[in-house]
Structures are given as C-alpha cells and as structure tokens.
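Participant: quick check, what structure comes out for this input:
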Amino acid sequence: MTIHAFPVRIYYEDTDFSGNVYHAAYLKFFERGRTEFLRDLGIHHFELIEKGIAFAVRSMEIDFLGAARIDDLLTVTTEVTDTSGVRLSLKQTILRDQTVLTIAKVVVVAIKTSGGPARLPAELRARFAGDH
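Facilitator: Have a look, this model is predicted:
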C-alpha cells in the first residue's frame, strides 16, 4: 500500500490564543486524512453503513513534535501498517513541507451499526493490502 497524502490548511478556528494549532484540532485533521484515504480506495462511509458496518477508533497514540500555525499548509499522510479480520492499524503523519509535526498510531475497528464487533469484508481487507 502506498502512502496517501491529503492537504490541510490551518484556519483561525483551528488555533488557540497564541496562533498555534490547538491540540484537539489535530484529531480532526487525522480523521479527514483517514476519510479521504478510504474515499480514494473507493470505500465510502455511507455505503458501509448501508451494509450495517461502521468504523470506530479503538486507540490512538499521538506524538506532538512541533507546532502548526495559522495559514500553514500541511499534509496528512496515512498508511496501513497492519490488518486483521476486524482491525485496521494505521500510521498517520502531519507535515509542514518536509518537517514532521505530529505522528499518530491509530487502530480502527469494524463495528455493526446495530452494536458489537464486525468482521471487515474480504474485499475491504484486499483493498487495504493494495490488492484492488
């Protein structure tokens, strides 16, 4: 699987009083990166929901290495590090130019929209492995 890249512009609403990005805003950027990663694989949340499946973040480990500031143009990268029947492990990075600002290790699980765990369909696992 190749690394997916998604651009994010920093707006006033993303920052705190100092003009730096507020730490919780990075979660939104990572979420957008994951959503666009799925979309580029042809996986759309509404189609999964129609099949009774959704994704939920099980765990996230974030390392803040540098600050993003208002008007910065950042890149959110997403890459699959592991898959199983119900889990998808990802590494996400936020960069300004070539400088790494934030790294996240994310575990996403499949759940039934009616509640409880769900298995990822084989076709999705194949797409995550780059076999599409």
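
Participant: which residues touch residue 105?
Facilitator: Shown in contact with residue 105 (C-beta atoms under 8 Å, 6 or more residues apart in numbering): 60, 61, 81, 89, 90, 91. For the C-beta atoms, the positions are set from N, CA and C on the backbone; glycine is no exception.

Participant: name the nearest residue to the fifth one, sequence neighbours excluded.
Facilitator: Ranked by C-beta to C-beta, 6 or more residues apart in numbering and with sequence neighbours excluded, the top spatial neighbour of residue 90 is residue 106, at 4.6 Å.

Participant: you'd agree the one you found is up against residue 56?
Facilitator: No. Using C-beta atoms under 8 Å, residue 106 is not in contact with residue 56, being 11.1 Å away.

Participant: these two - which one has more neighbours?
Facilitator: The neighbour count for residue 106 versus residue 56, taken as other C-beta atoms under 10 Å, is higher for residue 106 (21 against 10).

Participant: what's the worst-scoring helix or strand of the chain on mean pLDDT in contact with?
Facilitator: Every helix and strand of the chain was ranked by mean pLDDT, DSSP states H and E. The lowest is helix 122-128, at a mean of 80. Helix 122-128 has contacts (C-beta under 8 Å, 6+ apart) with 1, 41, 42, 43, 80, 83, 85, 88, 120, 132.

Participant: what's the offset of that helix from the middle of its chain?
Facilitator: 17 Å (C-alpha atoms, centre = their mean, to the nearest Å).

Participant: make 859 the starting number, not 1.
Facilitator: New numbering, starting at 859: the last item is helix 980-986.

Participant: per-residue pLDDT of residue 990, please?
Facilitator: Note on residue 990: pLDDT of 49.

Participant: show me the helices in the protein, by range?
Facilitator: 883-898, 903-908, 980-986 (DSSP state H).
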